[in-house]
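Undergrad: sequence unavailable; structure follows:
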């Protein structure tokens, strides 16, 4: 790897950010991850070496503890490499998964940053690009720990929850 | 009205073209018509005097004959004014409504152009803007009659049907 | 060629519509034509067989009579094929070139439609996509003759000029 | 001010990021600042209280030491308020201004983050939104000091210069 580059691991799990529209049946659902072609292609990341793992493609309302345990395992397996991690996740249960990992993994030596979007990335006014841009930078700047990064703000896990009415996250 | 302008009536009925995403519950549905703020604002129409009527907001799969008869009535009421008409309609039953009006109204003295979209207009790769742009121009250029305008092609009603696999309309 | 498709010839000559931004020196100039990758890729044209000829790449303020005579020659050479023609041209001298061809070619058996844009197509609020969409449809619908198609309006050549203040074309 | 919000000062000085296209004469130049309407409207910043100061509108190639001294004065005047500052600036002499302020102001108690763009924000593939998003977050996360934030990377002033060929900044 080019020495001037910072490696970041990006784990996609589905969620609103990654829902695609099917012109055949008019549904908006999680199918394959769009992140690589559609979103990362729009960002300029000359100093970032991204490793993208698409480990599941689920609306977070339907995530089970088994799914969460799988996500934690992926994170744990990477810890020895000391590469910061961004997890893209549905907003509805993002903090459930983040707390699950926070409790089951315990102390970490890298920042682990969860983010997602209120509106799928195919929409022209989606917040997906903003949130991913911020999470990637946060993963480079933050101290080790578990975080939610959303709408230009960093929250510490477990002191964060989604506010459905305000369509963002907030401190608890 | 400025004499250099051509008047066109735009009737919106809902359909994919006009579906909006709700960030609260993640649904993509017909709510109020977006056409005026979101789509027409992007077009340059210095010579077009648009009259927009939003008469219903329905996924065309759920349109009934009562709905269709209402759309026909709107069209009939305007015929005496000799102003060309564009009807925005869901693609799934667009030709059903177009044929319904063609049969129940009969001879007309203006072009009546149906159009819609395969992908809602909020998506960055929607075909909504293209189809509306074309339908507005077609309404000014075509001879009196019933038409479907879609993807830079004009079809005569009733010789047209949707091809779901090819995601466009075709001649029959 | 697929029989259901209509062939259209698209001649690009440069102009505002096709100017690109150089991030090195900050200039906005006519370099290679962008039309094929950047604009046509965004349109859905399942029934259009486009032949694109990029014959020059000039700001129309600097077009000479030699350039105009070259454009006319291209048009003349295609007449025997009876394929409608769209010419993309800078707006400043679009009507000069259109009249030049109208006078030097005389009667034609196809529509020849000039268009361009007030704002280069790379800008998010450019009128390039709208004007090209309309010109392609107009080329299929209009009677033989010379036209300027701009902002959802068709003008007959030679009865048209640019109105710089209103940022559009108008009848004379 | 709402206690949950972080105040950030945004100083605009012109530069590529803020150039606008004039449809009348075809020039791309610094006129009034677009940042407020065009860029900030696209970002979701529920926890950010922005104060925007548009203090000049200059291509940074034409910035003089007087201009630089004015920018420094603005920064100095704000230091007592302990509000982080983002400065939008042309890329060509961004590091000249940043070093000028770094030397003339000395120790600071807040982060002062310079950014800009390689392509004006009106272009659909501009890096303006990305760079501003990152700079706003960096201003909240970084320790006091002078920085350039660009393309998801933070550089310390004075150890940074523009690399024209690679169209980004790099460490020195």
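TA: Nice, I can see it. Keep in mind that this is a model prediction, so the values were computed, not measured.

Undergrad: who touches the most centrally placed residue in chain A in this structure?
TA: The residue lying closest to the centre of chain A (Cα atoms, centre = their mean) is residue A:88, at 2.0 Å. By Cβ atoms under 8 Å, 6 or more residues apart in numbering or on different chains, the residues touching residue A:88 are A:10, A:11, A:12, A:13, A:15, A:17, A:18, A:35, A:115, A:116, A:132. The C-beta positions use only the backbone N, C-alpha and C, and glycine is treated the same way.

Undergrad: what sits against the residue lying farthest from the centre of chain A?
TA: In chain A, the residue that sits farthest from the middle, by Cα atoms, centre = their mean, is residue A:24; the gap is 28.6 Å. Neighbour list for residue A:24: B:164, B:165, B:167 [criterion: Cβ under 8 Å, 6+ apart].

Undergrad: got these as TSV, with neighbour count, secondary structure and pLDDT columns?
TA: Shown next, in TSV, are these (neighbours: other Cβ atoms under 10 Å in any protein chain shown; DSSP: H, G, I helix; E, B strand; the rest coil; pLDDT from 0 to 100):
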residue	neighbour count	secondary structure	pLDDT
B:164	13	coil	93
B:165	7	coil	94
B:167	16	coil	95
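
Undergrad: gap between the residue farthest from the centre of chain A and residue B:162?
TA: Relative to residue B:162, residue A:24 is positioned 11 Å away (criterion: Cβ to Cβ, to the nearest Å).

Undergrad: what's the answer for residue A:32, then?
TA: Distance of residue A:32 to residue B:162, computed by Cβ to Cβ: 26 Å.

Undergrad: could you do residue A:172 as well?
TA: The value you get for residue A:172 to residue B:162, if Cβ to Cβ is used, is 49 Å.

Undergrad: more neighbours: those two, which one.
TA: Neighbours per residue, other Cβ atoms under 10 Å in any protein chain shown: of residue A:172 and residue B:162, the larger number sits with residue B:162, 20 against 10.

Undergrad: quickly list what that one is bridged to.
TA: residue B:169 (DSSP bridges).

Undergrad: wouldn't it be in contact with residue B:171 here?
TA: No. Counting by Cβ atoms under 8 Å, residue B:162 sits too far from residue B:171 to count as a contact (11.7 Å).

Undergrad: what segments of chain A are helices?
TA: Per DSSP state H, chain A carries helices over the ranges A:65-78, A:94-105, A:128-141.

Undergrad: check contacts around residue A:105.
TA: A:72, A:75, A:76, A:79.

Undergrad: where in chain A is pLDDT low?
TA: A:1-2 (pLDDT under 70).

Undergrad: picking up where we left off before, TSV please, covering the contacts of residue A:105 and showing neighbour count and distance to residue A:110.
TA: Below are the contacts of residue A:105 laid out as TSV (neighbours: other Cβ atoms under 10 Å in any protein chain shown; distance: Cβ to Cβ, whole Å):
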residue	neighbour count	distance to residue A:110
A:72	17	14
A:75	20	9
A:76	14	11
A:79	16	7
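
Undergrad: contacts for the biggest strand by length in chain A, please.
TA: As assigned by DSSP state E, the longest strand anywhere in chain A is strand A:48-58. Contacts with strand A:48-58, where a contact means Cβ under 8 Å, 6+ apart, come from A:1-2, A:5-15, A:18, A:30-33, A:35-36, A:40, A:67, A:70-71, A:74, A:83, A:90, A:136, D:152-153.

Undergrad: equivalent analysis for stretch A:148-168, please.
TA: A:91-92, A:94-95, A:98-99, A:102, A:113-116, A:118, A:127, A:130-131, A:134-135, A:138, A:142, A:145-147, A:169-172, B:23-24, D:6, D:43-48, D:133, D:136-137, D:140-141.

Undergrad: for stretch A:149-165, buried residues please.
TA: A:149, A:150, A:151, A:152, A:153, A:154, A:155, A:157, A:160, A:161, A:162 (16 or more other Cβ atoms under 10 Å in any protein chain shown).

Undergrad: stretch A:81-96 too?
TA: Within stretch A:81-96, the residues scored as buried using 16+ other Cβ under 10 Å are A:84-96.

Undergrad: pull the most distant pair out of the residues you listed.
TA: Within those, two members stand farthest from each other by Cβ to Cβ: A:84 and A:92, at 24.8 Å.

Undergrad: touching, residue A:17 and residue A:117? I think so.
TA: Yes. Contact criterion Cβ under 8 Å: residue A:17 and residue A:117 qualify, at 3.8 Å.

Undergrad: quick one: common contacting residues for the two?
TA: A:126, A:128, A:131.

Undergrad: reformat those as a markdown table; add neighbour count and distance to residue A:60.
TA: Listed next are the shared contacts of residue A:17 and residue A:117 as a markdown table, based on neighbours: other Cβ under 10 Å; distance: Cβ to Cβ, whole Å:
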| residue | neighbour count | distance to residue A:60 |
| --- | --- | --- |
| A:126 | 22 | 17 |
| A:128 | 26 | 15 |
| A:131 | 26 | 15 |
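
Undergrad: turn those residues into a markdown table, columns for distance to residue C:61.
TA: Formatted as a markdown table, those follow (distance: Cβ to Cβ, whole Å):
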| residue | distance to residue C:61 |
| --- | --- |
| A:126 | 40 |
| A:128 | 42 |
| A:131 | 44 |
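
Undergrad: between those, which sits nearest chain D?
TA: The closest of the shared contacts of residue A:17 and residue A:117 to chain D turns out to be residue A:131 (Cβ to the nearest Cβ; 8.5 Å).

Undergrad: just give the closest residue to that closest one, not the sequence neighbours.
TA: In space, and not counting its chain neighbours, residue A:131 is closest to residue A:115: 4.6 Å by Cβ to Cβ, 6 or more residues apart in numbering or on different chains.

Undergrad: count the neighbours of the one you found for me.
TA: Residue A:115: 29 surrounding residues under other Cβ under 10 Å.

Undergrad: got the contact list for the closest residue to residue A:26 other than its chain neighbours?
TA: Once flanking residues are discounted, residue A:26 sits nearest to residue B:16: 6.1 Å by Cβ to Cβ, 6+ apart. Contacts for residue B:16 (Cβ under 8 Å, 6+ apart) come out as A:26, B:59, B:90, B:91, B:116, B:117, B:118, B:119, B:120.
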